[in-house]
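Undergrad: no sequence for this one, just the structure:
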């Protein structure tokens, strides 16, 4: 068993719970921006999470080019799932590439720093997952502000994975 792949599958299941909740959100609310709210809207937060995976795992870790997402092409959770299918492929490609070398130092540029950074694949993977969960909480909070009652979007109970 590849432990990190199994862990990521739990992340995907939890993300799907959030998407199922977001399926209930009206499209105009999903993209509605509010000043002073980090990243502006639920959609923008989801895109930011996807771009984080592309930036850290793809660009920094795999030395691939990272493309920005055209927000106008993603207007609801169904369309967002397509974007995250690409993220899933990237994550598994990243994990396959660094299999057995998760403590290897990777050097690269970080946009807000002058000097290069050295990070491990384990750090990159952990950062992207915890980053996603941080923003998942913001998405749920934003939905509450818009008048929606979120379902439980915490990690799926273990008995569903036995």
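TA: Done, it's in. Remember, predicted model here, so these are calculated numbers, not experimental data.

Undergrad: and the longest helix belonging to the chain, what does it pack against?
TA: Using DSSP state H, we find that the single longest helix of the chain is helix 121-145. Contact here means 3 or more C-beta pairs under 8 Å, 6 or more residues apart in numbering; DSSP states H and E; on that basis helix 121-145 packs against helix 3-22, helix 42-53, helix 77-97. No exception for glycine: its C-beta is placed from N, CA and C like everyone else's.

Undergrad: which residues sit against the longest one?
TA: For helix 77-97, the external contacting residues (C-beta atoms under 8 Å, 6 or more residues apart in numbering) are 2, 4-5, 8, 12, 15, 19-20, 22-23, 25, 30, 43, 46-47, 50, 53-54, 57-58, 61-62, 69, 73-74, 121, 124-125, 128.

Undergrad: got it, and stretch 138-151?
TA: Against stretch 138-151 from outside (C-beta under 8 Å, 6+ apart): 17-18, 20-22, 24-25, 29, 32, 34, 37-39, 41-42, 45-46, 153.

Undergrad: any idea how far residue 141 is from the residue sitting nearest the centre point of the chain?
TA: By C-alpha atoms, centre = their mean, the mean C-alpha position of the chain lies nearest to residue 49, the distance being 3.8 Å. Applying C-beta to C-beta, to the nearest Å, one obtains 15 Å for the distance of residue 49 from residue 141.

Undergrad: cheers, nothing more for now.
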